[in-house]
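Novice: let me see the structure of the following:
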Amino acid sequence: MLHLHSTAGTTKEQSDLYKVLILDRFCKDVIAPLLRVNELRSQGVTLHLLLEAERQQIPDVPAVYFVQPTTANIERIAQDAAQSLYDAMHINFATSISSRLLEQLAVGVIKANAVRRIAKLYDEYLSFIALEPSLFSLGLPDCYLNLNDPAAKDIQIEAAVSQIVDGLFSVLVTLGVVPIIRSPKGGAAEHVAAALENKLRDHLKARSNLFSEGTSALAATLSRPLLVIFDRNFDLSVMLQHCWSYKPLVQDVLGLKLNRVTLAPDTAGLPPGASLLPQHQKKSYDVDDKDFFWESAGALPFPKVAEEVETQLQQYKAAVDEINSKTAAQQQADADGVVLDHEEMLKRNTQNLMSAVSSLPELQEKKKVLDKHTNLATALLSAIKARGLDGLYNLEEDLLMGKADTAALNKLLQGPKGSAADKLRLALLHVLAAEAPPTDTELQELTATLHTAGVPDTTAITYVARLRRNRLTGGARPTPGTPAGLGVPSQGNLLDWADKAFGQGISSVTRSVKNLLSGARQAPVAAALEALMDGKQGNPEFDGFAVMDPKLPSGRTGLDRAKGPFREAIVFMIGGGNYLERETLTAWASRSQPPRQVLYGATDLTAGEDFLKQLEELGRRSRITGPAAAATMHSAP
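Specialist: Numbers count the residues shown, from 1 in each chain. Prediction:
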């Protein structure tokens, strides 16, 4: 796309032309985790601009448009052509453009006598955000709110479903696979699954289609993968639970989004109203699969991450000292009067210099990565100590295992640690993890405790209680298994500072957090996925999920098409997902014998507090004002 869809006959000068990249907001998010500014420049992109922004004319320069096919975007593209903003316009749509919109574009450029400005037009099927090799998002925030809104009209629901289907279709086209589709029966998951099956089936009818030659690793396997589509109500608890491993903590506490973390300005010690110095400004960091520490330590418990940072820093210091020692050894030899042959001395010096030159860039890059994670870990430690996240995590694990009692819950809710949102999330976990939905009396006592603890709005509690009473969400009580989240496994001043930053808090926090093995459990989604990938009839999950095969005529798919075992699966969550759930599934896949491959995606990767806001808003839109409202709704016919 950035090379103007060069062909074999295209000259290098034509493909490496300087160009302008025009993006809408969604496609900007698609590009953001994949290409940094310097990488865009290496591809000849001198400017990248938003489609909706006011832009000046840049003559004699081609423009690459990467946008969604919407009415507003088509109008703006036609306007750009009419104004002759660029020499040639190479238009790339994130998903396939409809005939109606294509006609609208044609009419617009013909009226403006600007047809010659349109050089090429492509459907890219890139309507998703690839965050890691096995992680993607459709970039659809508030999807849970929109699909569960009691006031939503059918046309709004269908529009949301269409966006999800287009995104999943783009993912499958990119992978080059046509999977067997499974979903819980009823609800949004089956609706999306059926619409996706129909879209795939219609596309496969063409003699030449996008799945004719799959080139991905999944497409190269002999067996077809399994696509399991879940509705978020299948397990709400994982969206609200506090976590203890590195990647989920960074998302939940520091607001990881599109592989970027932005730390708030450090104003400690500054007088009120004072201007921020450069060292106090907010800082942003990129974390992705190119970051060796992010990949190796992402699934580790936080105390282990802090230890790993220190270990890596010590290794870096040792490597720098080793380079310095070679020069020092030569100087000592000269001081001791050791006479070396001139050629031998020159040879040694040259070798030492070449070794230093080749290793220093790698060491400097490693130092930057370690500095970044030192800052992230320090910010996490501050939040853990200020909010008491270790205590919240411990109690929530006990709640999910059915071991916690009301006294322990009330003690933490009434304690000084934790924000109002933290306490509300804990209370919601209690409602979801209980063996039975709370009675009206229990709900009133819980909301009264929350109000006393400084939580002003408890509509989310009443809304979730209603979901449980009406059996609209699965219980959060897990099945026995291995714990979720277990993975496989100048300088002097900085080291002193790191030792102080970590040493004063890590040991006490570590002591207060139980060994993860003591809370052995398997999350509901992982348990369902295991049953579906094993593909054994007679299992409740296997028999209770709808099965669809786009390669068969409509209505001809039976359970025999879903017999396992499957080696690869794509798990997709409608209504939002998070790094904790992804980590749980990845850990299960790596423990399986033989190991399995799981690709995880969701309509959006949502932090706990953001999902909490959606529950609160749903409570308000459902006109829930307190426990009595839930009781009324429960008793209504």
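Novice: what about the strands in this structure?
Specialist: 19-23, 45-50, 58-67, 86-93, 118-123, 129-132, 135-137, 180-184, 226-231, 260-263, 283-286, 545-548, 568-574, 597-602 (DSSP state E).
Novice: can you point out the buried residues in the second one?
Specialist: Put plainly, it is strand 45-50. Across strand 45-50, burial judged by 16 or more other CB atoms under 10 Å covers V45, H48, L49. Just so you know, the C-beta spots here come from the backbone N, C-alpha and C atoms, and that holds for glycine as well.
Novice: how about the strands of the chain, which one is nearest Q163?
Specialist: strand 568-574 (11.0 Å; CB to CB).
Novice: how far does stretch 170-181 sit from the chain's center?
Specialist: Taking CA atoms, centre = their mean, to the nearest Å, one finds the center of stretch 170-181 at 20 Å from the center of the full chain.
Novice: begin at 291 from now on, thanks
Specialist: Yes, from this point I'll number from 291; that puts the last item at stretch 460-471.
Novice: can you list contacts of it?
Specialist: Outside stretch 460-471, the residues that touch it by CB atoms under 8 Å, 6 or more residues apart in numbering are 384-385, 415-418, 426, 483, 486-487, 490, 494, 500-501, 503-506, 508-509, 514-519, 837-841, 851-852, 856, 860, 889, 891.
Novice: in PyMOL, how would I select just the buried ones from those residues?
Specialist: To isolate the buried members of the contacts of stretch 460-471 in PyMOL, using 16+ other CB under 10 Å:
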select buried, resi 384+385+415+416+417+418+426+483+486+487+490+500+501+504+508+509+514+515+516+517+518+519+837+838+839+840+851+852+856+860+889+891
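Novice: surely E831 and A817 touch.
Specialist: Yes: under the criterion of CB atoms under 8 Å, E831 makes contact with A817 at 7.4 Å.
Novice: so which of the buried residues of strand 335-340 would you say is closest to L294?
Specialist: Using CB to CB, these come closest to L294 at V335, 11.4 Å.
Novice: grab the nearest non-local neighbour of the closest one.
Specialist: L311 (4.8 Å; CB to CB, 6 or more residues apart in numbering).
Novice: what score does the one you found have for pLDDT?
Specialist: With respect to pLDDT, L311 scores 96.
Novice: mind checking how far R911 is from Q904?
Specialist: 10 Å (CB to CB, to the nearest Å).
Novice: which of those two has more neighbours?
Specialist: Per other CB atoms under 10 Å, whichever of R911 and Q904 has more neighbours is Q904, with 23 against 16.
Novice: leaving out the residues flanking it, which one is nearest to the more buried one?
Specialist: Q904 sits nearest to L435 (CB to CB, 6+ apart), 4.3 Å away.
Novice: picking that back up, looking at the strands of the chain, which is closest to L762?
Specialist: Comparing these by CB to CB, strand 516-521 comes nearest, at 9.7 Å.
Novice: elements contacting the closest one?
Specialist: With contacts taken as 3 or more CB pairs under 8 Å, 6 or more residues apart in numbering; DSSP states H and E, strand 516-521 sits against helix 444-465, strand 470-474, helix 477-494, helix 814-824, strand 858-864.
Novice: out of the strands of the chain, which gets nearest to H295?
Specialist: Using CB to CB, the strands of the chain put strand 408-413 closest to H295, at 6.1 Å.
Novice: just the buried residues of strand 335-340 now: which is nearest I400?
Specialist: When these are ranked by distance to I400 (CB to CB), L339 comes first, at 25.5 Å.
Novice: wait, that closest one sits on R315?
Specialist: No: contact criterion CB under 8 Å: L339 and R315 do not qualify, at 11.9 Å.
Novice: with just CA atoms, put stretch 334-351 into CSV.
Specialist: Taking Å, rounded to 0.1, in the frame of the first residue of the first chain, the C-alpha atoms of stretch 334-351 are listed here in CSV:
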residue,chain,number,x,y,z
GLY,A,334,8.9,7.5,1.6
VAL,A,335,6.1,9.0,3.7
THR,A,336,7.0,12.6,4.4
LEU,A,337,3.7,13.6,6.1
HIS,A,338,0.8,11.7,7.7
LEU,A,339,-2.4,13.7,8.1
LEU,A,340,-5.9,13.2,9.3
LEU,A,341,-8.6,13.1,6.6
GLU,A,342,-11.0,15.4,8.5
ALA,A,343,-8.3,18.0,9.2
GLU,A,344,-7.8,21.1,7.1
ARG,A,345,-5.0,20.4,4.7
GLN,A,346,-3.1,22.6,2.2
GLN,A,347,-2.4,21.8,-1.4
ILE,A,348,0.8,19.8,-2.1
PRO,A,349,1.3,19.7,-5.8
ASP,A,350,3.3,17.1,-7.7
VAL,A,351,3.1,14.7,-4.8
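Novice: make a markdown table out of the strands of the chain and add distance to D680.
Specialist: Shown next, in a markdown table, are the strands of the chain (distance: least, CB to CB, whole Å):
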| stretch | distance to D680 |
| --- | --- |
| strand 309-313 | 42 |
| strand 335-340 | 42 |
| strand 348-357 | 44 |
| strand 376-383 | 48 |
| strand 408-413 | 50 |
| strand 419-422 | 27 |
| strand 425-427 | 27 |
| strand 470-474 | 35 |
| strand 516-521 | 30 |
| strand 550-553 | 21 |
| strand 573-576 | 24 |
| strand 835-838 | 37 |
| strand 858-864 | 27 |
| strand 887-892 | 27 |
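Novice: I'd guessed S374 sits against R407; true?
Specialist: Yes: assessed by CB under 8 Å, S374 is found in contact with R407 at 6.7 Å.
Novice: more crowded one of those two?
Specialist: Using other CB under 10 Å, the more surrounded residue of S374 and R407 is R407, with 21 against 13.
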